[in-house]
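Participant: can't give you the sequence, but here's the structure:
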Ligand code: G1P
């Protein structure tokens with residue numbers, strides 16, 4: 001199977017959980033330590049071999065596209081002052097990587113946002129990275145990251161891959177939750193969220209429930225926000241109707257993909273941080289800043 005080189009990052013959310021910080025600054029550009037949150041997400045994609053990144057946003061999000069562009073005036077100014085090293089550090093994106101932006105138009109949900117990237121993605125298979133979730137870049141080897149594992153698994157078996165991680169009971173209502181076959185849910189249905197998982201593994205998944213009550217949750221395995229999709233997902237998204245929260249849910253299109261082609265979940269390795277929720281964002285900021293201070297960054 002052909003190597004995946006395209007990724008979609010939906011950035012159209014208004015970030016209401018991050019107000020007032022996100023009132024005039026896109027939440028994706030809020031800092032985690034010394035870099036904007038989305039910097040780490042794009043870095044993760046690039047480390048996994050992604051070459052074409054499509055941001056799906058709206059008028060108030062163009063600063064994100066600018067962040068990944070070269071600011072020629074600033075570059076000249078810095079080099080003129082002999083600050084070449086600083087100028088070079090701003091141009092860290094490899095030359096063969098492109099970042100483009102397309103607009104979602106109407107805000108009809110995550111599934112709708114992913115579908116909005118279709119004119120650029122075309123017939124390619126592709127990855128999706130949700131920028132609210134930032135995977136810990138300090139403890140996980142970036143050259144062997146979760147996304148890279150998922151891309152390899154897709155290339156080998158042809159199954160779309162969805163990254164999942166165990167969450168505490170109190171948090172299941174915030175996520176898409178995986179329903180596995182019986183054998184696996186016996187071994188995984190536990191509240192132990194501290195268990196360190198050192199290797200990735202992929203398993204067939206029976207379905208997903210979007211933001212269930214605890215009583216209806218089929219497991220504790222939550223969708224973390226990293227997906228690798230065969231191009232067929234676009235056809236299912238195009239016919240998906242609004243459901244939970246009145247939105248066109250990616251989860252519903254995934255269920256249709258499971259029925260037709262089968263899908264696997266990849267168990268996450270390392271830690272993830274929710275940069276889209278004020279409390280966990282503040283904790284993440286402290287963690288990232290402490291790591292960078294310790295590394296003299
Ligand atoms: C989205 C997905 C959900 C997933 C979550 C991860 O929800 O719909 O399945 O678990 O991202 O952050 P959102 O947080 O955008 O409401």
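Facilitator: On my side now, so go ahead. Bear in mind that the values here come from a model prediction, so they are computed numbers and not experimental data. Numbering: from 1, shown residues only.
Participant: C-alpha only now, for contacts and for neighbours.
Facilitator: Will do.
Participant: In the chain, where is pLDDT below threshold?
Facilitator: For the chain, the stretches with pLDDT under 70 are 1, 140-144, 182-199.
Participant: Contact residues of it facing the ligand?
Facilitator: For the chain, the contact set with the ligand under C-alpha under 6 Å from any ligand atom comprises 133, 175-176, 210, 222-225.
Participant: In a markdown table, list the residues you listed along with distance to residue 256, secondary structure and neighbour count.
Facilitator: Shown next, in a markdown table, are the residues of the chain next to the ligand (distance: C-alpha to C-alpha, whole Å; DSSP: H, G, I helix; E, B strand; the rest coil; neighbours: other C-alpha atoms under 10 Å):
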| residue | distance to residue 256 | secondary structure | neighbour count |
| --- | --- | --- | --- |
| 133 | 25 | strand | 21 |
| 175 | 19 | coil | 19 |
| 176 | 15 | strand | 24 |
| 210 | 14 | strand | 22 |
| 222 | 19 | strand | 28 |
| 223 | 16 | strand | 27 |
| 224 | 20 | strand | 26 |
| 225 | 18 | strand | 19 |
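Participant: For residue 31, give its distance to residue 286.
Facilitator: To residue 286, residue 31 is 10 Å away according to C-alpha to C-alpha, to the nearest Å.
Participant: Looking at these two now, which is surrounded by more residues?
Facilitator: Legend: neighbour count by other C-alpha atoms under 10 Å for residue 31 and residue 286, higher for residue 31 (19 against 14).
Participant: ok, now which ones touch the closest residue in space to the more buried one that isn't next to it in sequence?
Facilitator: In space, and not counting its chain neighbours, residue 31 is closest to residue 37: 5.6 Å by C-alpha to C-alpha, 6 or more residues apart in numbering. Residue 37 makes contacts with 28-31, 131, 134, 275, as judged by C-alpha atoms under 8 Å, 6 or more residues apart in numbering.
Participant: now residue 7, nearest residue through space, not along the chain?
Facilitator: The shortest distance from residue 7 to any non-neighbouring residue, by C-alpha to C-alpha, 6+ apart, is to residue 127 (4.4 Å).
Participant: next helix or strand past the helix or strand hosting the one you found?
Facilitator: Assigned by DSSP states H and E, residue 127 belongs to strand 126-129. Per DSSP H and E, the first helix or strand lying C-terminal to strand 126-129 is strand 133-135.
Participant: List the buried residues for the helix or strand just after that following strand?
Facilitator: Note on strand 133-135: by DSSP H and E, the next helix or strand toward the C-terminus is helix 146-157. In terms of neighbour count (16 or more other C-alpha atoms under 10 Å), helix 146-157 has its buried residues at 146-154.
Participant: And helix 146-157, what does it pack against?
Facilitator: Where contact means 3 or more C-alpha pairs under 8 Å, 6 or more residues apart in numbering; DSSP states H and E, helix 146-157 is packed against helix 37-47, strand 160-166, strand 221-229.
Participant: Could you figure out how far it is turned away from strand 221-229?
Facilitator: Per axes from the mean of the first three to the mean of the last three C-alpha atoms, to 10 degrees, the angle that helix 146-157 makes with strand 221-229 is 60 degrees.
Participant: quick check: angle from helix 146-157 to strand 160-166?
Facilitator: Angle, helix 146-157 to strand 160-166, by the same axes, to 10 degrees: 140 degrees.
Participant: mind checking how far stretch 43-60 is from the chain centre?
Facilitator: 10 Å (C-alpha atoms, centre = their mean, to the nearest Å).
Participant: for stretch 32-45, same thing?
Facilitator: Stretch 32-45 sits 11 Å away from the centroid of its parent chain (C-alpha atoms, centre = their mean).
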